[in-house]
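> Predicted model follows, preceded by the sequence.
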There are 2 protein chains.
Amino acid sequence: MPCKPEKKQQSRARILQSAATLFTRNGFDAISIDDVMRDAGLTRGAFYAHFSSKTELYREAILEGARVGRAKLFCKGPPANVLEFARHYLELDVDTPWQGCPLAFLVTDIAHQVPEVKKTYTQVLKGYRDMLVAMGLGELLAMQICNQLIGARALARAVDAPEFSRHILLQSLEGVRALLEANPADSQYSEGANL
Amino acid sequence: MPCKPEKKQQSRARILQSAATLFTRNGFDAISIDDVMRDAGLTRGAFYAHFSSKTELYREAILEGARVGRAKLFCKGPPANVLEFARHYLELDVDTPWQGCPLAFLVTDIAHQVPEVKKTYTQVLKGYRDMLVAMGLGELLAMQICNQLIGARALARAVDAPEFSRHILLQSLEGVRALLEANPADSQYSEGANL
DNA sequence: GTCTATATCTCGATAGAC
DNA sequence: GTCTATCGAGATATAGAC
């Protein structure tokens, strides 16, 4: 019965990739299963051979989006310091933006979902915070920087004027710099040598 | 034909209040016109005598939500300094939370809406920033604090564990304090006398 | 595993009685 | 101005052929 298990894996991977992109960009409600399957080159009926519900797909898509984001951040090796990480995250000097960070683009969405989805989101958030901790920051400072960066990216997307968006992102980077300087015990790691 | 114009105004006000509460709490897609009208004690058919579309109602609800939020923040007179403002906004020492700040609870929603809605949201955001500017902060520092506060409130709502939520909010307050101390030219106003 | 077809539901918006 | 009734679109999920 299992006609080519690797084929099934390929279909699942395509569905997941489409879902990560579409959900992150448009949110949970605006994207139908039809949209995802069409983007993956399949039809609606085939969906339930891979996932049991739209919500389960959403959870997996959040994890996939986080994986893609992490890969994009580390494409040129790990960032040298926290400020470089922040610049990358804010995409201040990136020519081709990626599909977007699920943490920033789905915050509001997540608050309306069932507990399992919130659990997945929380897991990803803690992963980002711990990434900063691994760069030498204290857990508290890392959380403050997460607030600052994720807040800025979310706000920059919601406002209607591109100049204002850029202003928000630029100020966020300055905010991160100020937070680092206010914590000299941590900033020695962030401005200095690599981790 | 206008049977009691004041009656119509009362209905409109009730619809608006219901919409502000429900939309802020559940977002645009999850709330139907039926939900709003039912909450306001009316039926769906009466809706279009007051608003031309669900989107128009959404815009007005955002403004109403911002008004309610500002009234709540100023219920005991204007906050003495920026830190007190932040504590109020984060609801760290408030027993009965209000319906919630549309800026934090609708960020993601807004990004999916038509330009007019984004324009309304942007207007409210600039209003909040200018409130901080009126308290003596520079525009740049005010924006950084907006990122920090709004980001924290949005994140605190998305995570699944109440302890983690509180941790995020507490760290955000510390982040605001650090930002103020990193800008001594501004902080003299924020820690000192009223505005 | 993937397809087409369909059952069932909900929503936004409109029409007409009062 | 508010009600009930309804149209038409689009959604999730399922059933059955291949």
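In hand now; what should we look at? Residues are numbered from 1 along each chain as shown, chains lettered A, B, ... in the order given.

> drop to CA atoms for contacts and neighbour counts, all remaining ones
Will do.

> List the contacts of the spatially most central residue of chain A.
Geometric centre of chain A, nearest residue: A:Cys101, 2.6 Å, by CA atoms, centre = their mean. Contact partners of A:Cys101, counting by CA atoms under 8 Å, 6 or more residues apart in numbering or on different chains, are A:Thr24, A:Gly65, A:Ala66, A:Gly69.

> Those residues: which ones sit near DNA strand D?
The subset of the contacts of A:Cys101 within reach of DNA strand D, by CA under 7 Å from any atom of the strand, is empty.

> what separates the residue of chain A found nearest chain B from A:Glu181, distance-wise?
Across chain A, no residue is closer to chain B than A:Gly151, which sits at 3.6 Å (CA to the nearest CA). A:Gly151 sits 20 Å away from A:Glu181 when distances are taken as CA to CA, to the nearest Å.

> swap in A:Leu132?
15 Å.

> Please produce a markdown table containing the contacts of A:Cys101, extended by pLDDT, secondary structure and neighbour count.
As requested, the contacts of A:Cys101 are arranged in a markdown table below (pLDDT from 0 to 100; DSSP: H, G, I helix; E, B strand; the rest coil; neighbours: other CA atoms under 10 Å in any protein chain shown):
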| residue | pLDDT | secondary structure | neighbour count |
| --- | --- | --- | --- |
| A:Thr24 | 98 | helix | 24 |
| A:Gly65 | 98 | helix | 24 |
| A:Ala66 | 98 | helix | 22 |
| A:Gly69 | 95 | helix | 18 |
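
> Reformat those residues into a markdown table and put distance to DNA strand C next to each item.
Output for the contacts of A:Cys101, formatted as a markdown table (distance: CA to the nearest atom of the strand, whole Å):
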| residue | distance to DNA strand C |
| --- | --- |
| A:Thr24 | 22 |
| A:Gly65 | 21 |
| A:Ala66 | 24 |
| A:Gly69 | 26 |
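
> what's the closest of those residues to B:Val107?
Using CA to CA, A:Thr24 is the member of those that lies nearest B:Val107, at 13.6 Å.

> is it true that that closest one touches A:Phe105?
Yes: under the criterion of CA atoms under 8 Å, A:Thr24 makes contact with A:Phe105 at 6.1 Å.

> Please see if the helix or strand containing A:Ala104 touches chain B.
Taking DSSP states H and E as the criterion, A:Ala104 maps to helix A:102-105. Yes: with CA under 8 Å from any CA of the partner chain as the measure, helix A:102-105 is seen reaching chain B through A:Ala104, A:Phe105.

> Can you get me the centre-to-centre distance for that helix and its chain?
5 Å (CA atoms, centre = their mean, to the nearest Å).

> after it, next one along is what?
Heading C-terminal from helix A:102-105 (DSSP H and E), you reach helix A:107-111.

> close to DNA strand D, is the following helix or strand past that next one?
Sequence-wise, the next helix or strand downstream of helix A:107-111 (DSSP H and E) is helix A:115-134. No: counting by CA under 7 Å from any atom of the strand, no contacts exist between helix A:115-134 and DNA strand D, the nearest distance being 13.9 Å.
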